[in-house]
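Enquirer: predicted model follows, preceded by the sequence.
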Amino acid sequence: LEQVIPELLDRRSDLQFVFAGGGRDLDASVAASPHVTVVGRVSPAEMPTYYRAANTLVHPSLTESFGRVLVEALLCGTPVVARRAGELPSITSNLFSTSEELTDTLCQLEELPVDDPSRFTPEELMPRYAAFFEQF
């Protein structure tokens with residue numbers, strides 16, 4: 001994401017990026033942009049506020065097993081965009097493989113569907129987990 005922000009802003013100067021959570025530091029030139037806000041660590045209880053305020057959650061991880069953050073955002077009604085990696089295609093259809101695909105997708109973020117998160121609710125998962133464990 002950090003790498004495509006300059007091109008995205010060339011194409012859409014109305015975009016704002018908020019980086020919430022720990023991890024590595026952003027490139028200084030990107031972090032200094034008036035279009036970028038680095039929040040840092042956020043308590044789990046506060047994350048729904050960020051999800052609901054966002055137009056889109058972007059998850060560009062190169063390696064991901066499941067992507068709980070995507071499900072959390074979907075449950076808050078926020079569309080998600082994720083790299084085609086790990087199990088992320090089982091969560092969303094808004095996928096990208098290249099920087100160009102990410103840029104094109106985010107330039108049209110208003111058209112992104114919100115994937116149905118109902119299959120990840122406790123009411124849906126509990127019977128499936130119970131049936132799975134009953135096999136043993």
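Expert: Perfect, I can see it now.
Enquirer: CA atoms for contacts and neighbours, from now on please.
Expert: Noted.
Enquirer: count the residues that sit near the residue lying closest to S99 once chain neighbours are set aside.
Expert: For S99, ignoring the flanking residues on the chain, the nearest one in space by Cα to Cα, 6 or more residues apart in numbering is V4 at 6.6 Å. As a burial measure, V4 scores 14 neighbours (other Cα atoms under 10 Å).
Enquirer: just S65 next, same as before
Expert: Neighbours of S65 (other Cα under 10 Å): 10.
Enquirer: least confident secondary structure element in this protein?
Expert: helix 28-31 (a mean of 87; mean pLDDT, DSSP states H and E).
Enquirer: can you tell me what sits against the helix or strand hosting L8?
Expert: Element membership for L8 (DSSP states H and E) is helix 5-11. For helix 5-11, the surrounding residues in contact (Cα atoms under 8 Å, 6 or more residues apart in numbering) are 15, 30, 103, 106-107.
Enquirer: could you redo the last one with a cut-off of 6 Å?
Expert: Under the contact criterion Cα atoms under 6 Å, 6 or more residues apart in numbering, helix 5-11 has no outside partners.
Enquirer: packing partners of the longest helix belonging to the chain?
Expert: When the chain is parsed with DSSP state H, its longest helix is helix 122-134. Here helix 122-134 touches no other helix or strand, going by 3 or more Cα pairs under 6 Å, 6 or more residues apart in numbering; DSSP states H and E.
Enquirer: pLDDT value on D10, please?
Expert: We have a pLDDT of 96 for D10.
Enquirer: what's the burial count for it?
Expert: Neighbour tally, D10, other Cα under 10 Å: 10.
Enquirer: do the same with R84
Expert: 22.
Enquirer: and for P89?
Expert: P89 has 16 nearby residues by other Cα under 10 Å.
Enquirer: please enumerate the helices of the chain.
Expert: 5-11, 28-31, 47-53, 68-75, 99-107, 122-134.
Enquirer: and those helices, which is most packed in?
Expert: helix 68-75 (a mean of 20; mean count of other Cα atoms under 10 Å).
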